[in-house]
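Peer 1: Below are the sequence and a predicted model; questions follow.
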Amino acid sequence: MSTLILAALLTLVPGALARTMTVYNHCPFTMWPAMFTGTGTRPSYSTGWEAPPYTSVTFSVPDNWQAGRIWGRRDCNFSTNPGPNSCLDGGCNGGLECDPSTGTGVPPATLAEFSLNQSGGLDYYDVSLVDGYNLPMSITNNVGCPVANCPVDLGLNCPAPLKGPFDSTGFPVGCKSACEANLDGNPSNSPNCCTGEYDTPQTCPSSGVAYYSYFKSNCPNAYCYAFDDSTALFTCPASKNAVYTVTFCP
Ligand SMILES: *[C@@H]1O[C@H](CO)[C@@H](O)[C@H](O)[C@H]1NC(C)=O
Ligand SMILES: *[C@@H]1O[C@H](CO)[C@@H](O)[C@H](O)[C@H]1NC(C)=O
């Protein structure tokens with residue numbers, strides 16, 4: 001067997017045990033992508049990195065990656081205060097690299113969420129605005145499965161009680177969820193957060209979530225509140241071995 005063929009085989013074998021993920025920053029400004037794993041095996045790739053405009057990275061994730069999320073952090077400077085407040089939004093414990101156990105993003109943050117090869121042999125994925133919005137995002141794939149996205153800027157027209165944070169020029173780099181904005185003042189028993197007596201799909205309809213329609217009408221293919229499974233949780237057969245691309249500012 002030639003060395004070349006052997007090398008090709010050796011790269012194919014791990015390919016069968018892992019999936020390929022690409023994160024593309026199509027925004028005309030630098031972003032700091034971040035990644036967090038909720039359960040199970042973590043990808044070996046970094047949990048946070050700098051992404052100049054129009055650049056992408058490609059890496060492997062476990063073929064059963066569970067409760068994985070990828071998001072973008074805006075306007076970061078890690079030099080003086082490495083931690084959740086190093087960025088205007090999306091920052092995490094840890095600084096540039098998010099802490100693997102506690103490094104979830106500070107809302108508001110648009111999230112790309114994945115659980116691969118779960119029940120029914122399906123990949124589940126969505127673009128979530130449950131923790132609010134901080135940039136347009138899409139999840140596309142190479143096997144013809146549905147596109148999850150929120151392709152529009154929800155900051156500019158964001159309802160006043162949810163608008164922000166703002167950058168140094170006064171531009172809104174986020175739009176908070178009604179839950180995060182604590183509009184009803186009772187986060188532990190809230191129809192906006194689907195908590196307490198509102199903690200089931202039956203007792204927490206989307207119609208009870210303030211400003212749900214602002215997010216949903218602009219981004220019908222995004223997951224806009226805690227129980228939005230029926231409208232924006234997408235699936236793809238794991239057997240198709242999809243390569244997913246998460247694009248910021250698609
Ligand atoms: C980051 O913050 C430090 C300390 O405030 C400052 O000196 C530096 O210029 C900042 N860097 C950028 C790129 O803004
Ligand atoms: C999905 O998981 C099942 C059970 O662990 C496994 O047998 C199968 O090979 C996996 N499929 C893919 C495409 O990863």
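Peer 2: Looks like it came in fine. Ligands and ions are numbered 1, 2, ... in the order given.
Peer 1: where does this structure have its least confident helix or strand?
Peer 2: Lowest by mean pLDDT, DSSP states H and E among the helices and strands of the chain is helix 3-15, with a mean of 46.
Peer 1: Can you name the next helix or strand after that helix?
Peer 2: The first helix or strand that comes after helix 3-15 along the chain, using DSSP states H and E, is strand 18-25.
Peer 1: Which other helices and strands does whatever helix or strand comes next after that next one contact?
Peer 2: For strand 18-25, the following helix or strand on the C-terminal side (DSSP H and E) is strand 32-39. With contacts taken as 3 or more CB pairs under 8 Å, 6 or more residues apart in numbering; DSSP states H and E, strand 32-39 sits against strand 66-73. No exception for glycine: its C-beta is placed from N, CA and C like everyone else's.
Peer 1: What's the mean pLDDT across the very next helix or strand once past the strand it packs on?
Peer 2: Going down the chain from strand 66-73, the next helix or strand is strand 111-118, by DSSP H and E. In this model, strand 111-118 has a mean pLDDT of 98.
Peer 1: Pull the distance from strand 111-118 to the chain's centre.
Peer 2: Its chain's C-alpha centre and that of strand 111-118 lie 10 Å apart, by CA atoms, centre = their mean, to the nearest Å.
Peer 1: any residue of that strand up close to ligand 2?
Peer 2: Yes - Strand 111-118 comes into contact with ligand 2 (CB under 6 Å from any ligand atom), by way of residue 117.
Peer 1: Measure how that strand sits relative to strand 18-25, angle-wise.
Peer 2: When axes from the mean of the first three to the mean of the last three CA atoms, to 10 degrees is applied, the directions of strand 111-118 and strand 18-25 differ by 170 degrees.
Peer 1: For strand 111-118, which strands pair with it and how are they oriented?
Peer 2: Within its sheet, strand 111-118 is paired with strand 66-73 (antiparallel), strand 122-128 (antiparallel), according to DSSP bridges.
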